[in-house]
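Okay, here's the prediction I keep looking at, along with the sequence it came from:
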Amino acid sequence: MNVAESERMAGQLQKIGYTLTENIETADLILINTCCVRATAEDKIYGKIGEIKKYKLQNPALIIGVAGCLAQKDGENLLKHAPHIDFILGTGRRGELASVVENFESKRRQFVDTSNVSGLIDDENILPIRAGSVSAFVPIMYGCNNFCNYCIVPYVRGRERSRLPEEIISEVKETVKSGFKEITLLGQNVNSYNGGKTFPELLREVDKIDGLQRLRFMTSHPKDLSDDLISAMASGKNICEHIHLPVQYGSNKILQKMNRVYTVEKYLELVKKIRAAIPNISLTTDLIVGFPGETEEDFQATLKFLEEVQFDMAFTFIYSKRTGTPAANFENQVDEKLKHSRLDALMKLQNKISLEKNLPYADKVVEVLVEGASKTDKNIFTGRTRQNKLVLFPHEKENVGDIVNVKINQIQTWLFKGSVVV
C-alpha cells in the first residue's frame, strides 16, 4: 500500500512540474512516505529524517516533506524532533500534496495537517508514476475497521472507505493498456470491500478485463473470507492460485487477546475449504511472536498449528508495543530474549515446512511471469509462478513481461532455480 500511495504522490508532483531523480543530492524536494506498523519501521524513518538534514544544510531551498502513517501518528512532534522538515501530511490529506508543495514554494512556511483521517482521498484520478513495468498495485479501499489490539493501522489510516467499482475497473483497464501484465488489488482487508459490489463480485469483473494475464489481491482477514470468494478464485481465468491469509497466532487464548474474532478451529476449517476448491493453491500467512500473556503452552500450540496447516511461507514478527493501541498497556509483557528465542524456533520450523512444500516442484515445468534481471547477476532472470513462488533462470531471449515455461532443476526454501523450456 505504501508503494501504491507513493506512486500516486509522484503522479501529483509530476503534474506541478517535478520529475523523479535517482540522485538525492540534486533533489529539489525529498518526500518520505512513512509506515509505523512496527517499532523498527519508526526507527528507520527517524534515522532517515536525521540523515537527510545534511542536504538541507547544503541547499536551504530544498523542500523536505513527511507523509503517511508516522506523519499521521506523530504530527507536530516530528517538527520538534526535526525542525528541518518543511511539511507534514497525514494519511487523509495525501490528495492535497501538490497544493501543499505549491503553497510552501510561495510562502516558505512550515505546514502540518493530520486531519480528515477517515475522509475521502482525492487523488484517484491522478496518473500514478508506477515503479515497475510488469506488476502494478491498485488500491480498492483504505483504512480498517477491525481494531486488532496490537495494531496501529485503524488509528493512523482511519475507518474503511471503498473506492467505486467503476473507478477501480477503469484504472485496471488503463494500467493493462499501458503494458502491465499483473494486477494486485490492495486493501487492509479486501474481504470487507463495500463499494457497491462485494469483493468476489469485483474480483470477477476485474478478471474479465482484456489483456490482463494475472490477478492477485491482498490482504484477506479470515473472519470475512466467504465461500463466494473461494468460488470466484476457483473459477477465475486470471486469478492466481495464491492467498495471503494472516492468522497471527495458533492459540485461541492469544487470538482472543489480540481481538482477531476467529478461532484456530475456524481458521483450519477455512483452509480446508480453500484447498478443497483450489488444490494447487499456495497459502502464506503472518505470525506474531511474544504477544503479552504468551505462555510456553501457547507457543507450543502455535508450533503444532504450523505443522497442521503447512503454510508455503510465513512472515514472522516479534510483537512490538505500539503506543495508542490497547496491547501496549497489557500486563505480562514477554521478555525480549524469550521473544527472540521463540521467533528463532518458529522460523526454523517454518523453513523446514516451506522446503518440504517446495520439494514436489522438482523437475516440474511451471509458468513464470518474467520480472527482469536478478539484482546480483544480469545474466540471471527472475520471475514468479501463479502460486507466487520465486524462480531464477539463465537469461536467453526472454523479455520482461513474457510468460515462459521453466523446468525446475533446483529446490530451495524460498526459491526455485530452473531453465526455460522452449
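The structure has been received and is ready for your questions.

can we go C-alpha only for contacts and neighbour counts from here?
Fine.

At which residues are the strands of the stretch 101-250 of the chain located?
Applying DSSP state E, counting those that start in this stretch to the stretch 101-250 of the chain gives strands spanning 111-113, 135-139, 141-142, 161-162, 182-186, 214-218, 242-244.

and among those strands, the most buried is which?
strand 141-142 (a mean of 24; mean count of other Cα atoms under 10 Å).

Given that strand, what are its sheet partners and their directions?
Within its sheet, and counting by DSSP bridges, strand 141-142 is paired with strand 161-162 (antiparallel).

contact partners of the strand it pairs with?
When contacts are defined by Cα atoms under 8 Å, 6 or more residues apart in numbering, strand 161-162 is touched by residues Ser118, Gly119, Leu120, Ile140, Met141, Tyr142, Gly143, Tyr193, Asn194, Gly195.

roughly how far out does that strand sit from the chain middle?
Distance of strand 161-162 from its chain centroid, counting by Cα atoms, centre = their mean, to the nearest Å, is 17 Å.

what's the answer for stretch 54-61, then?
The answer for stretch 54-61 is 33 Å, by Cα atoms, centre = their mean.

How about stretch 94-110?
28 Å.

Next: stretch 396-415.
How far stretch 396-415 lies from its chain's middle: 24 Å, per Cα atoms, centre = their mean.

So what's the residue count around Tyr148?
Careful, residue 148 is Cys and not Tyr. The local packing count at Cys148 equals 20, with neighbours defined by other Cα atoms under 10 Å.

got the contact list for it?
Met258, Asn259, Arg260.

Name the stretch from the strands of the stretch 101-250 of the chain that approaches Phe315 most closely.
Comparison of the strands of the stretch 101-250 of the chain against Phe315 by Cα to Cα identifies strand 242-244 as nearest, at 10.1 Å.

immediately after that closest one, which helix or strand?
Proceeding C-terminally, strand 242-244 gives way to helix 252-258 as the next helix or strand, assigned by DSSP states H and E.

list the buried ones in that following helix?
Buried residues in helix 252-258, counting neighbours by 16 or more other Cα atoms under 10 Å, are found at Asn252, Ile254, Leu255, Lys257, Met258.

And the contacts of that helix?
By Cα under 8 Å, 6+ apart, the surrounding residues in contact with helix 252-258 are 148-150, 248-249, 261-264, 291, 293-294, 298, 327.

Apply 10 Å and report the result again.
Counting by Cα atoms under 10 Å, 6 or more residues apart in numbering, the neighbours of helix 252-258 from elsewhere in the structure are 147-151, 247-249, 260-265, 291-295, 298-299, 301-302, 326-327, 330.

which of these count as buried?
Among the contacts of helix 252-258, those classed as buried by 16+ other Cα under 10 Å are 147-151, 247-249, 260, 262-264, 291-292, 294, 298-299, 301-302, 326-327.

Now, those residues that are in helices?
Val264, Asp298, Phe299, Ala301, Thr302 (DSSP state H).

ok, which pair from those is furthest apart?
If you compare every pair in these using Cα to Cα, the most distant one turns out to be Val264 and Phe299, at 13.4 Å.

Now the common contact residues for these two.
Shared between the contact lists of Val264 and Phe299 (criterion: Cα under 10 Å, 6+ apart) are residues Tyr249, Gly250, Ser251, Phe305.

now, which of these sits nearest Gly95?
Tyr249 (36.1 Å).

Let me see the contact set for Tyr262.
With contacts defined as Cα under 10 Å, 6+ apart, the neighbours of Tyr262 are His221, Pro222, Lys223, Asp224, Val247, Asn252, Leu255, Gln256.

could I get the residues you listed as TSV with pLDDT and distance to Ser235?
Compiled in TSV, those are given as follows (pLDDT from 0 to 100; distance: Cα to Cα, whole Å):
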residue	pLDDT	distance to Ser235
His221	97	21
Pro222	98	20
Lys223	96	22
Asp224	96	20
Val247	98	25
Asn252	98	33
Leu255	98	32
Gln256	98	34
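
can you tell me which two in these are farthest apart?
Greatest spatial distance in the contacts of Tyr262: Asp224 and Asn252, 17.8 Å, computed using Cα to Cα.

what packs against whichever helix in the chain runs longest?
Scanning the chain for the helix with the most residues, using DSSP H, yields helix 336-358. The criterion is 3 or more Cα pairs under 10 Å, 6 or more residues apart in numbering; DSSP states H and E, and the helices and strands that helix 336-358 contacts are strand 282-289, helix 296-309, strand 313-318, strand 403-411, strand 415-420.

Of all these, which one is nearest Glu105?
For these, the distance to Glu105 is smallest for strand 313-318, at 41.3 Å, taking Cα to Cα.

Which of the residues in the closest one are classified as buried?
Of the residues in strand 313-318, Met313, Ala314, Thr316, Phe317, Ile318 count as buried by neighbour count, 16+ other Cα under 10 Å.

For that strand, which helices and strands make contact with it?
For strand 313-318, the packing partners by 3+ Cα pairs under 10 Å, 6+ apart come out as strand 282-289, helix 336-358.

now for those, which one comes closest to Pro165?
With Cα to Cα as the measure, strand 282-289 is the member of the helices and strands packed on strand 313-318 nearest Pro165 (27.0 Å).

ok, Ile24 to Leu268 distance?
Counting by Cα to Cα, to the nearest Å, the gap between Ile24 and Leu268 amounts to 48 Å.
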